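[1] Below are the sequence and a predicted model; questions follow.
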Amino acid sequence: MNSIVIVAGGKGLRMGKDIPKQFLLLEGLPILMHTIQAFYNWDVNCEIVLVLPASQHDYWNGLVTQYNFKTSIIITTGGETRFHSVKNGLLKTTGEVIGIHDGVRPLVSVNTIDNCFNEAKKNGNGIPCIPVDDSLRVTSENGGNKMTDRSQYFRIQTPQVFKRSIILAGFEQEYADYFTDDASVIEKAGESINLVEGNEENIKITRPTDLKIAEILIKDL
């Protein structure tokens, strides 16, 4: 069985509105429901664990009823940081290959999910990425800056997918501030990271502009 841990919640959620961003509407449906459905579109039998702050469980359950969203997902409670939330979610999984995904990336493609899981099954992990198109400059401590080769840089997305033994071992480590994603956790544990092709539409909705972009992109998917 394939397992997915979807992490939603935490700090900086509301984008100036009264409800957390994962519950904002996108094409008439809460963002989080689009995210969950993306994985069922890939594998209708996948195991999904949803990690939410305890204060949002009742709200989510109300949305499930309101939108008649029929799922068999497992819900668990988030922790102090994303690291701790993921760790809580991992404890609820049973799959031998586990993907970890941001709840506010609703436009992940089936092809991206496939790429990540196939690479993880073969080589231990699969991390989706997109090449950087913009010119880049690096600043120095003295206030100067210089150009750098953008071909060496990639934007990292989710789902980040791992064999079970690898990801569980990685999350036995003590938390560190530089754990910005799950790949950084297992890299600290000594694993090499395998990059695979992501999809440009797989944006993380964190600002009002992102939601407007997603409203345009979802019509073409």
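    Received the coordinates, thanks.

[2] Would you agree residue 46 is in contact with residue 1?
    Yes: Residue 46 is within contact range of residue 1, at 7.1 Å (criterion: C-beta atoms under 8 Å). In this view, the C-beta of every residue, glycine as well, is placed from N, C-alpha and C.

[3] where do the contact lists of those two overlap?
    The contact sets of residue 46 and residue 1 overlap at residue 95 (C-beta atoms under 8 Å, 6 or more residues apart in numbering).

[4] Between those two, which has more neighbouring residues?
    More neighbours surround residue 46 than the other of residue 46 and residue 1, with 17 against 12 (other C-beta atoms under 10 Å).

[5] quick one: contacts for the nearest residue to the more buried one once chain neighbours are set aside?
    Taking C-beta to C-beta, 6 or more residues apart in numbering, and ignoring the residues beside it in sequence, residue 46 has residue 2 as its nearest neighbour in space, at 4.6 Å. Under the criterion of C-beta under 8 Å, 6+ apart, the contact partners of residue 2 comprise 43, 46, 47, 95, 97, 98, 99, 117.

[6] One more: residue 115?
    Under the contact definition (C-beta under 8 Å, 6+ apart), the residues listed for residue 115 are 126, 128, 196, 197, 198.

[7] Please list the members of those residues that lie in strands.
    If you go by DSSP state E, those have 126, 128, 196, 197 in strands.

[8] Which residues does the first one form beta bridges with?
    It refers to residue 126. Listed by DSSP bridges, the beta-bridge partners for residue 126 are residue 161.

[9] Phi, psi for the most far-flung residue of the chain relative to its centre please.
    Relative to the centre of the chain, and counting by C-alpha atoms, centre = their mean, the farthest-placed residue is residue 142 at 35.9 Å. The main-chain torsion angles of residue 142 are listed as degrees, to the nearest 10 and equal phi -90, psi 10.

[10] Ok, residue 41 next?
    Torsion angles at residue 41 (phi, psi; degrees, to the nearest 10) stand at phi -70, psi -30.
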